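Trainee: Predicted model and sequence below, questions to follow.
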Amino acid sequence: MLKNITLSAEEEMITKAREKALRRKTTLNAEFRHWLRDYAGPGRQASEYYDLMGKLSYARPGRKFSRDEMNER
């Protein structure tokens with residue numbers, strides 16, 4: 001269930017934010033909900049990292065690399 005909240009900001013900032021959302025083919029409300037989901041979800045990035053590492057756990061280098069090899073670019 002969506003619940004309404006009221007925010008205050010300078011008119012110019014709101015206008016710029018709406019224009020940016022329009023360029024992204026979305027709305028300011030949708031952008032705010034996306035931001036709020038990220039803000040309220042602590043540890044989300046860490047959780048995603050560990051999920052990815054779990055999916056990649058099958059990958060093995062087959063040998064140990066030297067310090068020089070690991071630092072090659």
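Mentor: Looks like it arrived, so ask away.
Trainee: lowest average confidence, helix or strand, in the protein?
Mentor: Lowest by mean pLDDT, DSSP states H and E among the helices and strands of the chain is helix 44-55, with a mean of 82.
Trainee: Only alpha carbons, please: show it as CSV.
Mentor: What follows is helix 44-55, C-alpha atoms only, in CSV (Å, rounded to 0.1, in the frame of the first residue of the first chain):
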residue,chain,number,x,y,z
ARG,A,44,21.6,-4.2,0.1
GLN,A,45,24.9,-3.7,-1.8
ALA,A,46,26.7,-6.1,0.6
SER,A,47,23.9,-8.6,0.1
GLU,A,48,24.1,-8.3,-3.7
TYR,A,49,27.9,-8.7,-3.5
TYR,A,50,27.7,-11.9,-1.5
ASP,A,51,25.0,-13.3,-3.8
LEU,A,52,27.2,-12.6,-6.8
MET,A,53,30.3,-14.2,-5.2
GLY,A,54,28.1,-17.3,-4.4
LYS,A,55,27.1,-17.5,-8.1
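Trainee: Any chance you could list what contacts it?
Mentor: residue 38 (CB atoms under 8 Å, 6 or more residues apart in numbering). Bear in mind the C-beta positions are built from the backbone N, C-alpha and C, glycine included.
Trainee: For stretch 13-33, the averaged confidence score.
Mentor: With pLDDT averaged residue by residue, stretch 13-33 scores 95.
Trainee: how far is the helix or strand encompassing residue 19 from where the chain is centred?
Mentor: Here residue 19 is covered by helix 11-23, with elements defined by DSSP states H and E. Distance, stretch centre to chain centre, for helix 11-23: 21 Å (CA atoms, centre = their mean, to the nearest Å).
Trainee: if I look at the most centrally placed residue in the chain, how far off is residue 45?
Mentor: In the chain, the C-alpha nearest the mean C-alpha coordinate belongs to residue 38, at 6.7 Å (CA atoms, centre = their mean). Using CB to CB, to the nearest Å, residue 38 is found at 9 Å from residue 45.
Trainee: On the pLDDT front, check the residue nearest to the centre of the chain for me.
Mentor: Residue 38 is assigned 79 on the pLDDT scale.
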